[in-house]
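> A predicted structure for the sequence below; I have some questions about it.
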Amino acid sequence: MTMKIDTIRHSLSHIMAHAVQDLFPGAKFGIGPTIENGFYYDFDFIEADRRGSKHGLTQITLTPEDLPKIEKRMRELIKQNIKFEKRAISKAEAKKLFKNQPYKLDLISEIKDKKVTIYKSGDFTDLCAGPHIKSTKEINPEAFRLVKIAGAYWRGDEKNPMLQRIYGVAFNTKKELDEYFKQIEEAEKRDHRLLGQKLDLYSIDDEVGPGLILWHPKGALLRQIIEDYWIKEHLANGYELVRTPHIGRIKLWQTSGHTNFYKENMFSPMKVEDDEYLIKPMNCPFHIKIYKSQTRSYRNLPLRWAELGTVYRYERSGVLHGLTRVRGFTQDDAHIICTPEQLGSEVMAAVRFGTKMLKDFGFRDYKIYLATRPKKYVGSLKDWKKATNTLKYVLEKLKLDYETDPEGGVFYGPKIDIKIKDSLGREWQCTTVQFDFNLPERFDMTYIDKKGKKQRPYMVHRALLGSIERFVGVLLEHYAGALPLWLSPEQIWIIPVGSKHRKYAKSLGRQLQELGLRIVVRDENATVSKKIREGEIQKIPYILVVGDKEEKEKSVRVRDRKRGDIGMMSIGKFIEKVQDETGKKK
Ligand SMILES: [Zn+2]
Ligand SMILES: [Zn+2]
């Protein structure tokens, strides 16, 4: 179903092309679809003229200064209440109509129907299937903006000519448009790549290689805090921990099928003696080998094996992005191996565990998707139905709202995905619980049932946070770097006012450290205000300033990251306050 705003956005792409036709006679037109929040149109200006230019035909390259001019012309056109008229014409007629438009001719030649549809709005005509608005009256001239120019190959093929693409955004109201720009600005401020640098958490080094994360001391500590929590929770939820190597013989990956269906995502094999090894893109085959290291009975099941397993996947350098799209990352992985009867309760426990963990990190808003059988799949239709129904049953039993993602499953089984919504309303994929018909079969996994017969176990892959790298990126963007107290690598700074207060600052630091708090005493030679400013940039939750009065009264002056100076407080009262705060989330 096309939403009204999409029709407006697409109509604006025609209006933009119309304005370009007016301002740059001779321009050639590519395509002008809608995209999220707006639209674009591709133009070729090789034989175009700049209206009013004395230079005649030259190759024109658009500059940002052209955008307001095109926008102005668009608003003039919109005010004329131009009607959009649809017409079906024969292909021969269309070829004649677009004889000076090579890209349109290219499109026409690919249309299989005898007739094509065109849309005429004023003196601009486009090859288009629609739909469109009735007239430009329906467009709010204050609720759109042209935002960007970029190069784009015709049909995305670098063998084709490079066209110039103009992007626009459009909404129903000026208010929505303003909110959109505010959101963009806010997102830029929260960019985890900037925050990662500002807070000195991680870096990526060209000589090490793109998409490979170097964790600095504070970032490594943050990871450790997350991983310690994760391990503690897993042990409390009936999981056992396993550890597996980073590389394995190519034969293992042939058995699992990865060399076949996952080849493009893997690093090339390395030769060791007379054998080839692959660096692991997934942990599953190793966990299966642990399962197969002995005969398993129904009495051993379910088995829940968890590993913070670092995997490597080949991603093209163009798509790499900070911590959220990398080549090496640590999955918070687990495999549940169970009998068919146990599947429902195991999946239910995993989903419940996932939502609880996300809540602990401060994400209360999420969307759940049930992804069903894709076109290409393994396993029988009967099994797929049964597994999909089990997942559905779990979501309904837990009274969780979910959407179906038709054909969104993996080829080896259906899955439940949980996407969290961050403070800007952006969705991030975290928890995934995936059913697998493939690997138990390929590795011939079995268990002995009550009657002493061999049976095939069920296998579920699940990750709750997704990967530690990505999750840290999401946390940074969600909190704009101001991580909750329990996650902050440096929780409290203590700043002595003068050198004579150093001793008190240090002993106070030791006292708090013994309580498990992460303390830094900033007693180097620099002004108090400079240190406070630095602490604010570093988003330190609490800064304690201690001078004569504080020392004499065994107290501290507290600066809260959010509220600023919150006054003097006894040491005991401050301890109570922070312990209460760290206790809440953990
Ligand atoms: Zn159109
Ligand atoms: Zn797996």
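Yes, it's here. Residues are numbered from 1 along each chain as shown. Ligands and ions are numbered 1, 2, ... in the order given.

> from here on, just use CA atoms for contacts and neighbour counts.
OK.

> in contact with the nearest residue to Leu512 once chain neighbours are set aside, which residues?
Computed as C-alpha to C-alpha, 6 or more residues apart in numbering, the closest residue to Leu512 that is not its neighbour in sequence is Ile519, at 7.2 Å. Each residue near Ile519 by C-alpha atoms under 8 Å, 6 or more residues apart in numbering is listed here: Glu490, Gln491, Ile492, Trp493, Ile494, Gly509, Leu512, Gln513.

> check which element follows the strand or helix carrying the fourth one along the chain.
When you say that, I think you mean Trp493. Following DSSP states H and E, the helix or strand that holds Trp493 is strand 492-496. Moving toward the C-terminus from strand 492-496, the next helix or strand (DSSP H and E) is helix 502-514.

> spell out which parts of the protein neighbour ligand 2.
Cys284, His461 (C-alpha under 5 Å from the ion).

> can I assume Tyr153 is in contact with Pro161?
Yes: under the criterion of C-alpha atoms under 8 Å, Tyr153 is in contact with Pro161, at a separation of 5.7 Å.

> could you check how far the residue of the chain found nearest ligand 2 is from Ser345?
When distances are taken as C-alpha to the ion, the chain approaches ligand 2 most closely through Cys284, which lies 4.0 Å from it. When distance is defined by C-alpha to C-alpha, to the nearest Å, Cys284 is 21 Å away from Ser345.

> which residues of this protein score low on pLDDT?
Low-confidence regions of the chain, defined by pLDDT under 70, span residues 1-2, 52-58, 584-586.

> using the three-state scheme, assign the residue most central in space within it.
Most central residue of the chain, judged by C-alpha distance to the mean C-alpha position with C-alpha atoms, centre = their mean, is Trp428 at 4.7 Å. Each residue gets one of three states, and Trp428 gets strand by DSSP: H, G, I helix; E, B strand; the rest coil.

> could you give the bridge partners of it?
On the basis of DSSP bridges, Trp428 is bridged to Ile420.

> same check on the one 5 residues further on?
Legend: beta-bridge partners of Val433 under DSSP bridges are Ile416, Arg462.

> tell me the spacing between it and Lys392.
Plainly put, Val433 is 12 Å away from Lys392 if you go by C-alpha to C-alpha.

> then Val347?
Between Val347 and Lys392 the computed distance is 10 Å (C-alpha to C-alpha).

> how about Leu508?
As judged by C-alpha to C-alpha, Leu508 and Lys392 stand 55 Å apart.

> cool, Leu320 as well?
As judged by C-alpha to C-alpha, Leu320 and Lys392 stand 34 Å apart.

> who has more neighbours, those two?
Comparing Leu320 with Lys392 by neighbour count (other C-alpha atoms under 10 Å), the higher total belongs to Lys392, at 18 against 15.

> and that one, helix, strand or coil?
Following three-state DSSP, Lys392 is assigned to helix.

> look up the closest residue to it, ignoring the ones flanking it.
Nearest in space to Lys392, with sequence neighbours left out and distances taken as C-alpha to C-alpha, 6+ apart, is Leu370 at 7.4 Å.

> my guess is that neighbour is in a strand, correct?
Yes: when classified by three-state DSSP, Leu370 is found to be part of a strand.

> that one: neighbouring residues, count only.
Here the number of neighbours of Leu370 (other C-alpha under 10 Å) works out to 22.

> residues contacting it?
Taking C-alpha under 8 Å, 6+ apart as the definition of contact, the neighbours of Leu370 are Leu391, Lys392, Tyr402, Glu403, Thr404, Asp405, Pro414, Lys415, Ile416, Asp417.

> write the ChimeraX selection for whichever of those are buried.
To isolate the buried ones among those in ChimeraX, judged by 16 or more other C-alpha atoms under 10 Å, type:
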select :391,392,402,405,414,415,416,417
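
> ligand 1: which of the contacts of Leu370 is nearest?
Proximity of the contacts of Leu370 to ligand 1 was ranked by C-alpha to the ion; the top entry is Asp405 with 28.4 Å.

> what bridges to the closest one?
When bridges are called by DSSP bridges, Asp405 pairs up with Ala371.

> show the contacting residues for it.
With C-alpha under 8 Å, 6+ apart as the criterion, the residues that contact Asp405 are Tyr369, Leu370, Ala371, Thr372.

> for Gly409, see how far away the first one is.
As defined by C-alpha to C-alpha, Tyr369 lies at a distance of 10 Å from Gly409.

> please apply the same query to the last one.
Between Thr372 and Gly409 the distance, using C-alpha to C-alpha, works out to 5 Å.

> overlap in contacts, those two.
By C-alpha under 8 Å, 6+ apart, the residues touching both Thr372 and Gly409 are Lys415.

> so which elements touch the strand holding Trp493?
helix 502-514, strand 519-521, helix 528-537, strand 542-546 (3 or more C-alpha pairs under 8 Å, 6 or more residues apart in numbering; DSSP states H and E).

> and the shortest one, which strands flank it?
Which is strand 519-521. Next to strand 519-521 in the sheet, as set by DSSP bridges, lie strand 492-496 (parallel).

> what separates the strand it pairs with from the chain centre, distance-wise?
Centre-to-centre, strand 492-496 and its host chain are 36 Å apart (C-alpha atoms, centre = their mean, to the nearest Å).

> for stretch 168-175, same thing?
Relative to its parent chain, stretch 168-175 has a centroid offset of 25 Å by C-alpha atoms, centre = their mean.
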